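K.L.:
quick one, structure for this:
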Amino acid sequence: QVRLVESGGGSVQAGGSLRLSCAASGRAFSLYGMGWFRQAPGKERESVAVISRSGGITYYADSVKGRFTISRDNAKNTVYLQMNSLKPEDTAVYYCAAGSYSTNPYDYDMWGQGTQVTVSS
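P.N.:
So this is what the prediction gives:
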């Protein structure tokens, strides 16, 4: 198993950028697909971006396509989410997760504690 710790959240104005990082402990990081999910108050957790074990395959939700970029560095046991052109509707708690390459949160076994992203208009 891996333990996941997110960082990089914060408050920005619309149009700004943030870079989230998710550091994983353990030696099995490269065996897992990794995903970024988010959950806004009163809403279900939704998939934002997913990356395969090697990093060669990625998926983005339509709402973030062209603005967010997911990447990973298996040598550093870290997955990133670069978020540009942020919108108020991006405001949520962002979670990274380790599991299968999937957009379904139930396919992920390990989750970080979450990091808050707040975008003001």
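K.L.:
who's in contact with the spatially most central residue of the chain?
P.N.:
Closest to where the C-alpha atoms of the chain average out (Cα atoms, centre = their mean) is W36, at 2.4 Å. Going by Cβ atoms under 8 Å, 6 or more residues apart in numbering, W36 touches 20, 22, 47-50, 70, 79, 81, 94-97. Where C-beta positions appear, they are placed from N, C-alpha and C, glycine not excepted.
K.L.:
now, those that are in strands?
P.N.:
20, 22, 47-50, 70, 79, 81, 94-97 (DSSP state E).
K.L.:
would you mind putting these into JSON lines with pLDDT alongside?
P.N.:
Conversion of those to JSON lines gives the following (pLDDT from 0 to 100):
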{"residue": "L20", "pLDDT": "98"}
{"residue": "C22", "pLDDT": "98"}
{"residue": "S47", "pLDDT": "97"}
{"residue": "V48", "pLDDT": "98"}
{"residue": "A49", "pLDDT": "98"}
{"residue": "V50", "pLDDT": "98"}
{"residue": "I70", "pLDDT": "98"}
{"residue": "V79", "pLDDT": "98"}
{"residue": "L81", "pLDDT": "98"}
{"residue": "Y94", "pLDDT": "98"}
{"residue": "Y95", "pLDDT": "98"}
{"residue": "C96", "pLDDT": "97"}
{"residue": "A97", "pLDDT": "97"}
